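Engineer: any chance you could fold what I've pasted below:
(chains A and B, ligands or ions: 2)
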Amino acid sequence: MAFQYVLDQFVSLFVGGLVFGSVYALIALGYTMVYGVLQLINFAHSEVFMFGTFATVWALWLVGADATTAGVALVASLAVAMLIAMITSGGVALLLERVAYRPLLNRGAPRLIALISAIGASFVLSELMGLRGALASALGVDDVLGRYVARSRENLGLPTDRTFTVQFEVLGYGVTNKDIIIVLAALLMMIAADQFIRRTRLGRGIRAVAQDPESASLMGVNSTRVIQLTFLIGGLLAGAAATLYMLQVGLTRYNAGFLLGVKAFTAAVLGGIGNLRGALVGGLVLGVAESLGSGLFGSEWRHVVAFVLLVVILLFRPTGLLGESLGKARA
Amino acid sequence: MSDVLLEIRDLSVNYGHIEAIRDITFEVPQGSIVTLIGANGAGKSTTLKTISGLRKVRAGSIVYDGQDLAKVSPDKRVQIGISQAPEGRGIFPGMTVRENLEMGAYVRRDRSASALAPDFERVLTLFPRLDERIKQVAGTLSGGEQQMLAIGRALMARPRLLLLDEPSMGLAPMLIKQIFTIIEEINEQGTTVLLVEQNAAQALKLAHYAYLLETGEIVRSGTGAELANDPSVRAAYLGGDI
Ligand SMILES: Nc1ncnc2c1ncn2[C@@H]1O[C@H](COP(=O)(O)OP(=O)(O)OP(=O)(O)O)[C@@H](O)[C@H]1O
Ligand SMILES: [Mg+2]
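Structural biologist: Residues are numbered from 1 along each chain as shown, chains lettered A, B, ... in the order given. Ligands and ions are numbered 1, 2, ... in the order given. Next up is the predicted model:
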């Protein structure tokens, strides 16, 4: 054990945890919203995120960002990359709903069948990305992006490798502008999503379907539209999370969604599945606990810490930290 | 505009192989209160859900204000004036009373705050209890208050045809009387009412016309008074004392 190390590095570990936790929380919102409306775990949500990470890399190539890009140009490039990642992930999420879920749910299939479909869709999406080289040569298309199609089962990195400047120091640890961008952007997105659900007419439609689908139809809420909208919002947030994740980690691969997906799902359950604010709390708690835990026991214990935490919290609070579903959540 | 607002012709609805309703035919005249009575499982709720577009028609037709509803979606049906307070109330438990009422106007074209103001006024005058609890979360309302909310919510759509599915279910006799008085008042204000009830005694007193549904088929019809005096109805549904 390394108490002294954790004490010395507390701020560093804590901020690192918040950064990862924000990414978890953004992805967790997608799980929790779809669960709230459909009582379905969208297993393929991790791949929605993964497509966002590739879109981020692709967008940065497209705008010609590289290691020399700095200042306003860098910020603008990142903003464009995030926008393209959000559109990509949102599109993948909509496609997923249309192809993997709607045909089943329209026929009244049990949720367990939809879950199998979700797992299948997750593999398909991941392998589509992992086999893009083979697919491209089979179709006879050129690799327009040079490095994109080749070595499709290996890591893909960002074209820009920025070292981030320290903005201010807290107890001897420098908080970089990257840390600030990630946490702030994630918080802003989550507040926007939360307010959308709470304050707007469409958001009220989503809550109505979550609370009583049949009554919602009687009020004239089109549940297909609501389900689409829910997938879209989840996808947009996962796309934003993907860009933030790339900013922090810099690498992705065709199966990068798996671990992040499991963590985000854990965060959603930790906070109380179906509860939007629960996803935020769950994500941040999980990120910080993981980070402190890996400082204490060594980084190879990172995932163990995450799941032990989940089990312990569910033992004492079976409905998660904030409990209550999107359905029952007040106002 | 015809004087029949709703016309059900030879309607059949299935759940898988089970026939829930079979070849039923009835009509609801403009401005009237029509009641559909029958025992548990007779097919009353299925009939109302089918009128709202939530169940698939196997055969037959539903004509509303001269228009065949076969190809009209559930949200469109609310827009053209068919609104329902479902069995078991079906309020949104996590929303406030106000938000629930706003949900009633979800598909209205004129849903600005100023357009909704007179409707809020009307509903809260009919149900002063809701006014006192406007900010309360609906899941914490009493059963009777939830029933008032369900009816009030349906009124927010400004319906021409109000479908009520067992509004007296689970309420104390005093409250049942009060709810039925309010239903009469709503009708007098110009809304046509199709009322589904197991509480036959009360429903027949109120209704201009009544139909008796038994295992998916209409077996008797007549004015409320006629059915109330029918010996077989008295024996099976009114327990002899009315
Ligand atoms: N979703 C469903 N799936 C299968 N069968 C159903 C379904 N809903 C209703 N039924 C069946 O259809 C028949 C009619 O049901 P319905 O709910 O219309 O009766 P009801 O007259 O409203 O009864 P109650 O007075 O008890 O509410 C019953 O036999 C019921 O079991
Ligand atoms: Mg019923």
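Engineer: for the record, mean pLDDT for stretch B:89-109?
Structural biologist: Per-residue pLDDT over stretch B:89-109 has a mean of 95.
Engineer: ugh, typo on my part, it should be stretch A:263-275
Structural biologist: Mean pLDDT, computed over stretch A:263-275, is 92.
Engineer: check which helix or strand the residue of the stretch 201-331 of chain A found nearest ligand 2 maps to.
Structural biologist: Using C-beta to the ion, the closest approach of the stretch 201-331 of chain A to ligand 2 is made by residue A:214 at 12.6 Å. Glycine gets a C-beta too; all of them are placed from N, C-alpha and C. Assigned by DSSP states H and E, residue A:214 falls within helix A:213-218.
Engineer: find the residue at the geometric middle of chain B.
Structural biologist: Nearest to the geometric centre of chain B sits residue B:164, at 1.7 Å (C-alpha atoms, centre = their mean).
Engineer: my guess is that one meets residue B:192, correct?
Structural biologist: No - under the criterion of C-beta atoms under 8 Å, residue B:164 makes no contact with residue B:192, lying 11.3 Å away.
Engineer: would you say the residue nearest to the centre of chain B is within a strand?
Structural biologist: Yes - with DSSP: H, G, I helix; E, B strand; the rest coil as the criterion, residue B:164 is located in a strand.
Engineer: who touches stretch B:97-107?
Structural biologist: A:201, A:204-205, A:208, A:216, A:219-221, A:331, B:75, B:78-79, B:83, B:91-92, B:95, B:111, B:116, B:119-120, B:123, B:130, B:133-136, B:138, B:141, B:149, B:152-158 (C-beta atoms under 8 Å, 6 or more residues apart in numbering or on different chains).
Engineer: filter those down to the buried ones and hand me the PyMOL line.
Structural biologist: Of the contacts of stretch B:97-107, the buried ones can be selected in PyMOL as follows, counting by 16 or more other C-beta atoms under 10 Å in any protein chain shown:
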select buried, (chain A and resi 204+205+208+216+219+220+221) or (chain B and resi 75+78+79+83+91+92+95+116+119+120+123+130+133+138+141+149+152+153+154+155+156+157+158)
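Engineer: of the contacts of stretch B:97-107, which belong to helices?
Structural biologist: A:201, A:204-205, A:208, A:216, B:75, B:78-79, B:116, B:119-120, B:123, B:130, B:149, B:152-155 (DSSP state H).
Engineer: only alpha carbons, please: show stretch A:108-116 as CSV.
Structural biologist: Taking C-alpha atoms only, stretch A:108-116 is exported to CSV below (Å, rounded to 0.1, in the frame of the first residue of the first chain):
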residue,chain,number,x,y,z
GLY,A,108,-43.7,-6.9,-29.0
ALA,A,109,-40.5,-8.9,-28.4
PRO,A,110,-39.5,-9.4,-24.8
ARG,A,111,-36.7,-7.2,-23.5
LEU,A,112,-34.4,-10.2,-23.3
ILE,A,113,-34.6,-10.6,-27.1
ALA,A,114,-33.7,-7.0,-27.6
LEU,A,115,-30.8,-7.4,-25.3
ILE,A,116,-29.4,-10.2,-27.4
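Engineer: quick one: it to chain centroid distance?
Structural biologist: Distance, stretch centre to chain centre, for stretch A:108-116: 23 Å (C-alpha atoms, centre = their mean, to the nearest Å).
Engineer: ok, residue A:66 - contacts?
Structural biologist: Residue A:66 neighbours (C-beta under 8 Å, 6+ apart): A:159-160.
Engineer: domain assignment for chain B?
Structural biologist: Structural domains annotated on chain B: B:1-81+B:161-242, B:93-158, as defined by automatic domain parsing.
Engineer: show me the contacts for residue A:221.
Structural biologist: A:205, A:208-209, B:75, B:103, B:106-107.
Engineer: show me what from chain B comes close to chain A.
Structural biologist: Taking C-beta under 8 Å from any C-beta of the partner chain as the contact definition, chain B meets chain A at B:52-54, B:73-79, B:83-84, B:86, B:90-96, B:99, B:102-104, B:106-107, B:111, B:137, B:139, B:153, B:157.
Engineer: okay, now the residue of the stretch 201-331 of chain A closest to ligand 2: neighbour count?
Structural biologist: 14 (other C-beta atoms under 10 Å in any protein chain shown).
Engineer: do the same with the one 3 residues further on
Structural biologist: A total of 23 residues lie near residue A:217 under the criterion other C-beta under 10 Å.
Engineer: spatially nearest residue to it, not counting backbone neighbours?
Structural biologist: Nearest-residue entry for residue A:217: residue B:74, 5.2 Å, with adjacent residues in sequence omitted and distances by C-beta to C-beta, 6 or more residues apart in numbering or on different chains.
Engineer: again with residue A:213
Structural biologist: residue A:223 (6.0 Å).
Engineer: and for residue B:139?
Structural biologist: Distances taken as C-beta to C-beta, 6+ apart place residue B:93 nearest to residue B:139, at 3.1 Å, with adjacent residues excluded.
Engineer: isn't the one you found right next to residue B:149, touching?
Structural biologist: No - taking contacts as C-beta under 8 Å, residue B:93 lies outside contact range of residue B:149: 10.6 Å.
Engineer: need the overlap of contacts for these two.
Structural biologist: Residues touching both residue B:93 and residue B:149 (C-beta under 8 Å, 6+ apart): residue B:138.
Engineer: you'd agree residue A:251 is up against residue A:154?
Structural biologist: No - at 9.8 Å, residue A:251 does not count as touching residue A:154 under the criterion of C-beta under 8 Å.
Engineer: now do the helices in chain B.
Structural biologist: B:44-51, B:74-79, B:97-104, B:113-126, B:128-132, B:143-155, B:173-188, B:200-206, B:224-229, B:231-237.
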